[in-house]
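In: any chance you could fold what I've pasted below:
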Amino acid sequence: MIPSGVLSIMALLLTLIVHGSTSVSAQGNPPGTAEMAFASIQDQTLYVQGGYSNTFTDQFYALNLTKDSWSPLSPPWSSLSNPLIFIPTNVRVTISNGMTVTKDQKRLVIWAETGVFWFNLETSSWDHRAANGLAGEGILLYSYRRAATDGETGLVYIPSAAQGGSKMVVLNPDTLDAHTVDMPPASLISAVIQLYGWVWSDLRKSFIFTGGEYNSLNNDKTLEYFPGNNTWTQLTTLGAKIPAISRHCMVSGYSGRKMVLYGGQEFSGGKANLRGAIFVLDVPTLTWTQGPNVPTDYISADMACTISGTNFISWGGECKTVR
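Out: Reported below is the predicted structural model:
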């Protein structure tokens with residue numbers, strides 16, 4: 001684990017170091033990319049797969065979060081077997097896919113075009129299969145969707161992924177049986193939305209939904225979805241006002257007591273502008289606190305992130321014209 005420090009400081013350090021990397025370093029750091037799939041086992045491992053940096057990649061790396069100390073100059077990355085046989089590198093199927101860890105923490109599940117892909121953490125092997133039950137659900141959407149696991153039932157939820165974006169996919173990762181449920185009503189949000197934040201809250205037994213974009217507009221509402229009764233509501237929070245943002249990174253930590261929202265892009269005057277703000281949500285009080293901004297040259301979007309101990313870690317992403 002990185003030595004204890006302020007959440008936003010570690011985000012700044014790793015963002016500064018990783019951006020601009022175009023090849024694997026002597027320490028085995030992965031090439032810098034954006035729009036990757038990522039997921040983490042809290043305080044253990046961050047997994048990063050695929051992405052784009054001038055070319056598509058199927059790279060697959062793990063960052064060890066259990067080490068007592070390490071420098072952001074030489075993070076403890078390890079290369080894992082890539083899923084080339086299932087996800088070719090020359091198509092957009094490799095980017096912005098939703099990846100999540102199963103409840104038993106034995107597999108990574110990726111919602112990607114042509115089927116559901118999973119990596120067995122015990123055998124270090126890939127497999128894939130089409131989901132069952134979605135044949136009548138119209139156009140399925142894969143890229144720019146996020147996936148998260150219900151900590152109670154183990155089901156995986158992917159918002160705006162079926163019926164051309166108007167339905168949310170609910171996937172059983174054990175059987176690959178799937179069905180759909182409604183997205184929020186139009187009074188809350190556009191049903192066809194992408195590049196949102198989507199995180200399970202163990203404390204509230206719900207999913208938190210932030211930001212996202214549609215038709216070059218950002219969603220400015222924070223929503224909450226309760227899978228137990230299939231209900232969407234608008235979540236009222238206190239403290240700092242988070243921006244209407246998309247392509248940001250949002251993760252949960254401290255056993256669900258904290259959530260961090262970082263970076264992303266915001267539409268203003270018809271233009272998409274990168275943002276470098278970091279916000280921490282205290283879940284018990286639903287209060288946002290804003291931390292210091294990242295310097296302008298290093299603000300980013302479409303990055304991977306995680307929380308380890310008291311540290312927030314951001315890797316990769318698009319920084320102006322550099323990944």
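
In: rounded mean pLDDT for stretch 104-112, please.
Out: Mean per-residue pLDDT for stretch 104-112: 94.

In: scratch that, stretch 120-130
Out: 90.

In: in it, what's buried?
Out: Applying a neighbour-count criterion of 16 or more other Cβ atoms under 10 Å, one finds Leu121, Trp126, His128 buried in stretch 120-130. Every C-beta, even on glycine, is put in place using the N, C-alpha and C of the backbone.

In: could you dump these into TSV with distance to Val192 and secondary structure added?
Out: Output for the buried residues of stretch 120-130, formatted as TSV (distance: Cβ to Cβ, whole Å; DSSP: H, G, I helix; E, B strand; the rest coil):
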residue	distance to Val192	secondary structure
Leu121	34	coil
Trp126	31	strand
His128	26	strand
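
In: now Tyr298, what are its backbone angles?
Out: phi -120, psi 10 (degrees, to the nearest 10).

In: just confirm it contacts Gly263, I think it does.
Out: No - Tyr298 lies out of contact with Gly263 (Cβ atoms under 8 Å); the separation is 9.7 Å.

In: how near is Pro159 to Ile208?
Out: Going from Pro159 to Ile208 by Cβ to Cβ, to the nearest Å gives 12 Å.

In: where do the contact lists of the two overlap?
Out: Common neighbours of Pro159 and Ile208 (criterion: Cβ atoms under 8 Å, 6 or more residues apart in numbering): Trp198.

In: the two - which one has more neighbours?
Out: A count of neighbours by other Cβ atoms under 10 Å puts Pro159 above the other of Pro159 and Ile208, at 29 against 24.

In: just checking: what are the partner strands of the helix or strand hosting that one?
Out: Using DSSP states H and E, Pro159 maps to strand 156-162. Note on strand 156-162: by DSSP bridges, its sheet partners are strand 148-149 (antiparallel), strand 167-171 (antiparallel).

In: let me have the ones you listed in CSV, extended by distance to Glu318.
Out: Listed next are these as CSV, based on distance: least, Cβ to Cβ, whole Å:
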stretch, distance to Glu318
strand 148-149, 23
strand 167-171, 27
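
In: could those go into CSV alongside mean neighbour count and mean pLDDT?
Out: Below are the strands paired with strand 156-162 laid out as CSV (neighbours: other Cβ atoms under 10 Å; pLDDT from 0 to 100):
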stretch, mean neighbour count, mean pLDDT
strand 148-149, 24, 98
strand 167-171, 24, 96
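
In: among those, which is nearest Val280?
Out: Closest approach to Val280 among the strands paired with strand 156-162 is made by strand 148-149 (18.9 Å; Cβ to Cβ).

In: so how far is that closest one off the chain centroid?
Out: Centroid separation for strand 148-149 versus its chain: 10 Å, with Cα atoms, centre = their mean, to the nearest Å.

In: may I have the strand holding Pro159 as CSV, with CA atoms only?
Out: The C-alpha trace of strand 156-162 is given here as CSV (Å, rounded to 0.1, in the frame of the first residue of the first chain):
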residue,chain,number,x,y,z
VAL,A,156,-24.1,-7.1,-12.6
TYR,A,157,-25.9,-4.0,-13.8
ILE,A,158,-25.1,-2.1,-17.0
PRO,A,159,-27.1,1.1,-17.5
SER,A,160,-28.4,2.2,-20.9
ALA,A,161,-27.1,-1.0,-22.6
ALA,A,162,-30.2,-2.5,-24.3
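
In: averaged pLDDT, that strand. What do you get?
Out: The predicted model assigns strand 156-162 a mean pLDDT of 95.

In: and what of stretch 274-283?
Out: The average of the pLDDT scores along stretch 274-283 is 94.

In: so Met250 touches Gly212, yeah?
Out: No - shown here, Met250 and Gly212 do not form a contact pair, counting by Cβ under 8 Å, at 10.8 Å.

In: of those two, who's got more company?
Out: Gly212 (30 against 24).

In: what about the nearest residue to that one once chain neighbours are set aside, distance to Leu140?
Out: In this structure, Gly212 finds its nearest non-sequential neighbour in Tyr196, 3.1 Å apart by Cβ to Cβ, 6 or more residues apart in numbering. For Tyr196, the distance to Leu140 equals 17 Å [Cβ to Cβ].
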